[in-house]
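# This is a predicted model, with the sequence first.
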2 protein chains.
Amino acid sequence: MTTTSSTRDRILGAAEQLFAQRGFDGASLRQLTAAAGVNLAAVNYHFGSKEKLVEEVFRRRLDALNADRLAALAQLGNDHSASLEQVLAAYIRPALELSHEGNGTLFMRVLARAFAEHDDTLRRFLSENYGHVMRQFTAEFAYLLPHLSKPELYWRIDLVTGALTHAMSGFGMIQRKDDVSEQAHREQTVQHLIRFAAAGLSHP
Amino acid sequence: MTTTSSTRDRILGAAEQLFAQRGFDGASLRQLTAAAGVNLAAVNYHFGSKEKLVEEVFRRRLDALNADRLAALAQLGNDHSASLEQVLAAYIRPALELSHEGNGTLFMRVLARAFAEHDDTLRRFLSENYGHVMRQFTAEFAYLLPHLSKPELYWRIDLVTGALTHAMSGFGMIQRKDDVSEQAHREQTVQHLIRFAAAGLSHP
DNA sequence: CGTATGCTCAAACGATCGTTTGAAATGTCC
DNA sequence: GGACATTTCAAACGATCGTTTGAGCATACG
């Protein structure tokens, strides 16, 4: 394998953008390869099929995102001394930081689409590869919210997930004022989401 | 126009089901007309185009849904004596009742898809036809939550909308136990959603 | 140099898409 | 019953889709 992986990366970048804009079906390989400046056949050569390309788009971002989330959670220690807000921060902040580095926002839109489309193949792929992260956070929430029954907890986590995915896909993202730095604005948004999620999870 | 609107209705029913399952692009007119038991050309004859059919699927359900919502809101009186929970009930209950009458759940999935797909044409259609309902509820929320700035309020309403749409699209719907009646279960779910939304909206 | 090996390219494959057409069937009204 | 409008139907239209093919190009290695 030579270092000519530039074609692969250009395809992945263009795929992320077009999948976010037009959906997995809506974005054709011809549009995609034209935007990437590569030959049409390059997708099937490098990825095998369009479906495999979709999975690779997810893998590239989610590997990094979930590694960050687990690292943030681990940093809180395993002695159950962390607060609900701290655990939520470990879950939310990496997603928002991702969405502010090159084209990350587009990926959150791709993710929101994947949730809305009840595609079983994609579901299974996400569950098999990244389910352990969700399980680890759920265990923390269960410890922090002992007054909730298991179905009640799952139900609330699902609602929070829906809210966060919806928000971070940029649908109604608060616009940054000119007198606020990008970094400060992001921290502000993180605090908004944390407080909203904490209220929804822990209300009596 | 004769009463042979059975073809029209069969198309609309099959469209709702297939759009929910495979998306607007994923569901072809050939699958759709085959499921409805009508001729392929019937869609373009009765609706003009596939896009017009999509709009008609939305119109049929949303007209009823939003009429119910406004009626429930009006029933609370216009003297601002209603509680936050009552206003939320006026917004949430009609949606859940819709989702429990024939194929209504499927429509909520269609709606969730429409939110995830950032299709501008569909956005504008929804905003132009049903924006006044959202505006009326927002005004009520603003009165009930005077401690929130306008951006803060919009931001929270958006998060709540995301959570509700996600939940009602059936993605993580709580399963009804056998010893609970359908009606009791629905009322239980309504209360869950109301309390979650109230906590997310009104937290300090 | 010769020959593998990894990669790119233009061209074509069969399939499926939304839409249109014109004739046949059905219903409506005097 | 005949004239007219409405609705259904099979067939075809051009366009676009994901994928495959086989030749051409580059680089690496003996």
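That came through, no problem. This structure is a prediction, so every number in the text was calculated from the model and none was measured.
# got a pLDDT number for the residue lying closest to residue A:39 once chain neighbours are set aside?
Distances taken as CB to CB, 6 or more residues apart in numbering or on different chains place residue A:33 nearest to residue A:39, at 6.4 Å, with adjacent residues excluded. For the C-beta atoms, the positions are set from N, CA and C on the backbone; glycine is no exception. pLDDT recorded at residue A:33 is 97.
# Then the one 4 residues further on?
In this model, residue A:37 is scored at 95, pLDDT.
# Distance check, it against chain B.
Distance from residue A:37 to chain B, counting by CB to the nearest CB, to the nearest Å: 25 Å.
# That residue and residue A:7 touch, don't they?
No - Residue A:37 lies out of contact with residue A:7 (CB atoms under 8 Å); the separation is 9.1 Å.
# Flag the shaky bits of chain A, pLDDT-wise.
A:1-5, A:99-104, A:170-178 (pLDDT under 70).
# and residue A:37 and residue A:7? which has more neighbours close in?
More crowded of residue A:37 and residue A:7, by other CB atoms under 10 Å in any protein chain shown: residue A:7, with 17 against 10.
# Once you drop chain neighbours, what's closest to the more buried one?
Nearest to residue A:7 is residue A:38, by CB to CB, 6+ apart, at 5.2 Å.
# List the contacts of that neighbour.
Counting by CB atoms under 8 Å, 6 or more residues apart in numbering or on different chains, residue A:38 touches A:7, A:10-11.
# Filter those to keep only those in contact with DNA strand D.
Contacts with DNA strand D within these, counted by CB under 7 Å from any atom of the strand: none were found.
# In TSV: those, plus secondary structure and distance to residue A:129.
Formatted as TSV, the contacts of residue A:38 follow (DSSP: H, G, I helix; E, B strand; the rest coil; distance: CB to CB, whole Å):
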residue	secondary structure	distance to residue A:129
A:7	helix	25
A:10	helix	24
A:11	helix	21
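# so residue A:46 touches residue A:6, yeah?
No - using CB under 8 Å, residue A:46 makes no contact with residue A:6, being 11.1 Å away.
# Please say which of those two ends up with more neighbours.
Taking neighbours as other CB under 10 Å, residue A:46 and residue A:6 compare with residue A:46 leading, 16 against 10.
# Distance of that one relative to residue A:33?
Distance, residue A:46 to residue A:33, using CB to CB, to the nearest Å: 11 Å.
# and if you look at residue A:184?
Distance from residue A:184 to residue A:33, by CB to CB: 40 Å.
# More neighbours: which of these two?
Higher neighbour count among residue A:184 and residue A:33: residue A:33, with 20 against 12, using other CB under 10 Å.
# With only the CA atoms kept, save the one helix or strand that one maps to in CSV.
Element membership of residue A:33 [criterion: DSSP states H and E] is helix A:29-36. Taking Å, rounded to 0.1, in the frame of the first residue of the first chain, the C-alpha atoms of helix A:29-36 are listed here in CSV:
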residue,chain,number,x,y,z
LEU,A,29,-21.7,7.9,-6.5
ARG,A,30,-21.4,10.1,-9.6
GLN,A,31,-22.0,13.3,-7.6
LEU,A,32,-19.8,12.0,-4.9
THR,A,33,-16.8,11.1,-7.0
ALA,A,34,-17.1,14.3,-9.0
ALA,A,35,-17.0,16.4,-5.8
ALA,A,36,-14.0,14.4,-4.6
